[in-house]
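# build me a structure from this.
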Amino acid sequence: MTDIVRPAPRPMPRAEVMQISAYVSGESKIEGVNRIIKLSSNEGAFGPPPSAQAAFVKVASEMHRYPDGGSNALRRALGERFGLDPERIVCGTGSDELIQHICHIYAGPGTDILMTMHGFSMYQISGTYSGARVIKVPEKNLCTDVDALIANVTPETRVVFIANPNNPTGSLLPQSEIERLRAGLPDDVLLVLDAAYSEYVDDPDYDAGAKLVDAGGENTIMLRTFSKVFGMGGMRVGWMYAPAKVIDAMNRVRGVFNVNIAAQHAAVAALAEPGWVETSVAHNKTWREWLRAALEAVAIKTWPSVGNFFLADFESDARAKQANEYLKSRGIIVRGVAGYHLPTMLRITVGTEEECRLVAAALADFQAGK
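Predicted structure coming up:
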């Protein structure tokens, strides 16, 4: 009788890990193309502030030293810039690290996490990794539907993630709706307001989240980042402002030296760069609306956005893919968002004036069949 050969035993990942679709970042290269116009990742149009670049170079000789484990200078600088208590700030390796810890601290097996249908994919990845069930709640006209979120809350709900402004849709939920959402959630459900694009918002009623954090409860977190208007995506610096007990829990599990020494120094310098945010925001508003108008003029539908990007809607999956490939043939990389349940659309980052004009010209030619 032939012996049955059985495969050797091996370590097996948890089942929920294998359910995760890995995060796909924006493309950055095109084979055979020398000059790339990268408008796929919502990076700041002007790169990092000069002072941040200088701080990065200056600290190079200290890279053998461990960084300040508490990011104390950076937390103080954030507190001064935004009028917040530094003791209620935690810095992280981008917001991604903080999102992952939030899911593991407050959710886990047998619990639910709510997010919107077109919300940032890291909420689903981190939530599933924690063992929780992640529920995507339908939106209304590509905007968060507060009533739908509240209706999906159950006794198992532990965390609700809202990006405001939202990525990839660019929509903004009014402050009154954010407050209505918080009031409609049970007190033991944590509301996480991800305000990565907050600097671009010019609505006078908008609040990135600090107002609700300071309202007296212990159930709201504000997330922020240096990856967008400060142009420091490569440094991976995010931060959160939260109630003291949330901060205590986060400090128990975050990486001991999670924000590297160069990132800390560069971020402190970026916060002090005179006029950087104002200039970047003014440029973004002008050229975002210019580019949207240029696309609308050649019969490409666009969706309103308050971020440094917007969605161009080609109204069919095939047409969106064709447009994406055509742009690549011109050396222009934008972002397909089929993974966000938006297969007919492309997300376009607002770049420099030259880059915006090149995108407009390329898509005009595409529409004309050239």
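# with adjacent residues omitted, what lies nearest to I300?
Spatial nearest neighbour of I300, excluding adjacent residues (C-beta to C-beta, 6 or more residues apart in numbering): A312 at 5.4 Å. Where C-beta positions appear, they are placed from N, C-alpha and C, glycine not excepted.
# buried ones in the helix or strand harbouring the one you found?
Taking DSSP states H and E as the criterion, A312 maps to strand 309-313. Of all the residues in strand 309-313, those buried under the rule 16 or more other C-beta atoms under 10 Å are F309, F310, L311, A312, D313.
# how about TSV for those residues, with pLDDT added?
Conversion of the buried residues of strand 309-313 to TSV gives the following (pLDDT from 0 to 100):
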residue	pLDDT
F309	98
F310	98
L311	98
A312	98
D313	98
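# want to throw those residues into CSV with distance to V192?
As requested, the buried residues of strand 309-313 are arranged in CSV below (distance: C-beta to C-beta, whole Å):
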residue, distance to V192
F309, 21
F310, 24
L311, 23
A312, 29
D313, 28
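# could you work out the most separated pair of those?
For those, the maximum inter-member distance is 13.6 Å, found between F309 and D313 (C-beta to C-beta).
# does the longest helix along the chain pack against any helices or strands, and if so which?
The residue-count maximum for a helix in the chain (DSSP state H) belongs to helix 276-296. Helix 276-296 makes packing contacts with strand 301-302, strand 309-313, helix 353-368 when contacts are defined by 3 or more C-beta pairs under 8 Å, 6 or more residues apart in numbering; DSSP states H and E.
# how about residues contacting that helix?
Applying C-beta atoms under 8 Å, 6 or more residues apart in numbering, the set of residues contacting helix 276-296 from outside is 44-46, 49, 199-200, 202, 229-231, 270, 302, 305, 308-310, 312, 348, 350-353, 356, 359-360, 363-364.
# pull out the buried members of those residues.
When burial is judged by neighbour count using 16+ other C-beta under 10 Å, the buried members of those are 44-46, 49, 199-200, 229-231, 270, 302, 305, 308-310, 312, 348, 350-351, 356, 359-360, 363.
# next, count neighbours for the nearest residue to A362 once chain neighbours are set aside.
Take A362 and drop its neighbours on the chain: the residue closest to it by C-beta to C-beta, 6+ apart is R330, 4.5 Å away. Burial measure for R330: 17 neighbouring residues, criterion other C-beta atoms under 10 Å.
# at the geometric centre of this protein, which residue do we find?
Geometric centre of the chain, nearest residue: A196, 5.5 Å, by C-alpha atoms, centre = their mean.
# where does this protein have low pLDDT?
In the predicted model of the chain, residues 1-2, 12, 23-29, 32 satisfy pLDDT under 70.
# can you give me the strands in it?
According to DSSP state E, the chain carries its strands in the segments 37-38, 89-92, 112-116, 133-137, 157-163, 190-194, 220-225, 238-241, 301-302, 309-313, 332-333, 335-336, 345-349.
# make TSV from those and add distance to Y326 to it.
Shown next, in TSV, are the strands of the chain (distance: least, C-beta to C-beta, whole Å):
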stretch	distance to Y326
strand 37-38	13
strand 89-92	38
strand 112-116	30
strand 133-137	31
strand 157-163	29
strand 190-194	33
strand 220-225	32
strand 238-241	35
strand 301-302	17
strand 309-313	12
strand 332-333	9
strand 335-336	13
strand 345-349	11
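# before we move on, the earlier item: could you dump the longest helix of the chain to CSV, C-alpha only?
Coordinates of each C-alpha in helix 276-296 appear next as CSV, following Å, rounded to 0.1, in the frame of the first residue of the first chain:
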residue,chain,number,x,y,z
TRP,A,276,2.7,77.8,4.0
VAL,A,277,-0.8,76.6,4.7
GLU,A,278,-2.4,79.8,3.4
THR,A,279,-0.5,79.7,0.1
SER,A,280,-1.1,76.0,-0.4
VAL,A,281,-4.8,76.3,0.3
ALA,A,282,-5.4,79.3,-1.9
HIS,A,283,-3.6,77.5,-4.8
ASN,A,284,-5.6,74.4,-4.2
LYS,A,285,-9.0,76.1,-4.3
THR,A,286,-8.1,78.1,-7.5
TRP,A,287,-6.8,75.1,-9.5
ARG,A,288,-9.2,72.5,-8.2
GLU,A,289,-12.1,74.5,-9.5
TRP,A,290,-10.3,75.5,-12.7
LEU,A,291,-9.6,71.9,-13.4
ARG,A,292,-13.1,70.8,-12.6
ALA,A,293,-14.5,73.4,-14.9
ALA,A,294,-12.1,72.4,-17.7
LEU,A,295,-13.3,68.8,-17.5
GLU,A,296,-16.9,69.7,-17.3
